[in-house]
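>>> Prediction below, plus the sequence it came from.
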Amino acid sequence: MFTRHTVISTRIGELTVVANSEAITGVYFPGHEPVGQIGALVGPTSPLFMDFSEQVSDFLAGRREDFTIPFELPKSSEFNEAVWQRLTKIPYGKTTTYGNLAAELGGRNQARAVGRAVGANPLALIIPCHRVLGSDGKLTGYAGGIEAKAYLLQLEAANAENTDQLF
C-alpha cells in the first residue's frame, strides 16, 4: 500500500507523520523514523494529515485527551503488539512503569523487553508511551526527549486533576 509522510511542527517539536490512504501509520520524532518506510514527502494538506494536525494541536493545548484519527499499527512481533495494545489502556493523566507492564504481560523479568517494545512504538502520542516511567518513578528515555515527556505528563496531570474537580 502506498505511503506518504509530512512534517508537522508542534509545541514539543517536529513530528513526521506517515499515512497510507486510510490511516495514520506512524508518528515519529526526529531521528526515529524508520529508514525507507515513510514514503514520499507531501504537504500537510490531505484530510488525514490535517485532522491529525488539528488533533495533536488540541491534545498539546489540553483540549483533547485522546486521538480519534484512524490509525494502523504495522506488523511486528506478538510481544511488541501486546505491549502497544497495553499502552493504549493507560488512562490519560496516569502513569505506569516498565516493570508493571512486564508483570501484566507475563513476568517482571521482561521489563527490558517491554522497554524495547515501548521504544519501538510507531505511533508516538496516539499510543501514549510517554506514560511509562522507570521502576523508581523517574522519567526515562523518550524519543521526543525527556523535556517533551515531562511536558506531556505535566499537561495530562493538570488536565486530569481539573476534570476530576468538575464532578
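Everything's here; your move. Residues are numbered from 1 along each chain as shown.
>>> quick one: low-confidence parts of this structure?
For the chain, residues meeting the criterion pLDDT under 70 lie at 1, 161-167.
>>> how is it carved up into domains?
Domain ranges of the chain: 4-60, 78-121+128-140, per automatic domain parsing.
>>> Now do the same contact list for the residue nearest to residue 152 when sequence neighbours are not counted.
Leaving aside its sequence neighbours, residue 152 sits nearest to residue 130 (CB to CB, 6 or more residues apart in numbering; 4.6 Å). In this view, the C-beta of every residue, glycine as well, is placed from N, C-alpha and C. Counting by CB atoms under 8 Å, 6 or more residues apart in numbering, residue 130 makes contact with 124, 142, 144, 148, 149, 152, 153.
>>> a markdown table please, covering the domains of the chain and showing distance to residue 157.
Shown next, in a markdown table, are those (distance: least, CB to CB, whole Å):
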| stretch | distance to residue 157 |
| --- | --- |
| domain 4-60 | 14 |
| domain 78-121+128-140 | 5 |
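>>> Out of the contacts of residue 130, which comes closest to residue 30?
residue 144 (8.7 Å; CB to CB).
>>> looking at it, the closest one is touching residue 28, isn't it?
No - in this structure residue 144 lies outside contact range of residue 28 using CB atoms under 8 Å: 9.4 Å.
>>> Which neighbours do the two have in common?
residue 124.
>>> how close does the residue nearest to residue 152 get to residue 61?
To residue 61, residue 130 is 16 Å away according to CB to CB, to the nearest Å.
>>> Quick check: closest non-adjacent residue to residue 67.
Closest to residue 67 by CB to CB, 6+ apart is residue 126, at 4.8 Å.
>>> swap in residue 28?
Closest to residue 28 by CB to CB, 6+ apart is residue 16, at 4.6 Å.
>>> which residues sit in contact with the nearest residue to residue 137 once chain neighbours are set aside?
In space, and not counting its chain neighbours, residue 137 is closest to residue 97: 7.4 Å by CB to CB, 6+ apart. Taking CB under 8 Å, 6+ apart, we find residue 97 in contact with 132, 133, 134, 135, 137.
>>> Scan these and report the most crowded one.
residue 132 (27 neighbours; other CB atoms under 10 Å).
>>> So in terms of bridging, what pairs with it?
residue 96 (DSSP bridges).
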